[in-house]
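> structure here, sequence nowhere to be found:
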């Protein structure tokens with residue numbers, strides 16, 4: 001099969017620690033396969049009744065230790081402070097709105113924009129509900145801050161995000177992160193979690 005008949009779909013959530021751990025593997029695999037178009041979809045992990053304080057999810061500290069051990073991901077001291085205080089509210093809807101706005105301005109940078117958001121939270125301890133966080137990312141990527149803010153604030157972006165959550169759910173990802181390979185005959189799970197880039201390459205070779 002020709003690679004121009006293939007594409008990738010990555011289902012993630014900005015407040016998903018395993019997605020943070022998977023970020024390096026994804027970026028490496030993406031760099032090795034720039035010929036494959038990639039679509040990055042927010043899953044909406046912490047929305048509605050699930051959008052609660054970090055303290056409401058007591059498994060997170062232990063999960064972070066495991067993520068760090070298996071992937072080498074580093075959780076920053078500013079994030080650890082948020083974790084210890086326990087009052088920070090994880091709101092995947094506002095994070096997805098911010099991501100959608102960033103993505104609309106630089107779709108070719110989508111993998112790196114997602115990584116920048118997760119670094120902002122998991123390393124720098126910044127809220128993904130704050131405009132300032134996105135303005136700082138916009139500066140990093142030389143994006144138009146005013147256009148970004150307009151995109152974040154427009155009601156249409158929220159509508160798009162809610163539709164995106166439904167699309168992501170209907171893809172059949174049982175956990176996050178999940179990287180799919182899209183072929184003419186359907187979707188195939190390439191992997192996620194703690195998979196290193198080499199393992200993604202092996203699975204990719206099997207599937208094509």
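Good, I have the coordinates. As the structure is a computational prediction, the values presented were derived from the model and not from experiment.
> name the element residue 202 belongs to?
Taking DSSP states H and E as the criterion, residue 202 maps to helix 197-207.
> let me redo that: residue 39
Using DSSP H and E, residue 39 falls within strand 38-42.
> and the helices in the protein?
Secondary structure of the chain (DSSP state H): helices located at 17-32, 60-71, 77-85, 92-105, 110-122, 131-140, 145-153, 155-170, 197-207.
> any low-confidence regions in this protein?
For the chain, applying pLDDT under 70 flags the ranges 1-4.
> for residue 15, phi and psi?
The phi and psi values for residue 15, taken as degrees, to the nearest 10, are phi -100, psi 20.
> equivalent analysis for residue 44, please.
Per degrees, to the nearest 10, the backbone of residue 44 is at phi 80, psi 60.
> so who does the closest residue to it other than its chain neighbours touch?
By the measure of Cβ to Cβ, 6 or more residues apart in numbering, the closest residue to residue 44 outside its immediate chain neighbours is residue 165, 3.8 Å from it. Just so you know, the C-beta spots here come from the backbone N, C-alpha and C atoms, and that holds for glycine as well. Counting by Cβ atoms under 8 Å, 6 or more residues apart in numbering, residue 165 touches 42-44, 47, 96.
> need the distance between the two termini of stretch 114-133.
Using Cα to Cα, to the nearest Å, one end of stretch 114-133 lies 13 Å from the other.
> from the chain's centre, how far out does that stretch sit?
11 Å (Cα atoms, centre = their mean, to the nearest Å).
> now do stretch 188-197
With Cα atoms, centre = their mean, you get 14 Å for stretch 188-197.
> residue contacts, the nearest residue to residue 188 once chain neighbours are set aside?
Leaving aside its sequence neighbours, residue 188 sits nearest to residue 181 (Cβ to Cβ, 6+ apart; 4.7 Å). Residue 181 sits next to 6-8, 187-190, 204, 207-208 when contact means Cβ under 8 Å, 6+ apart.
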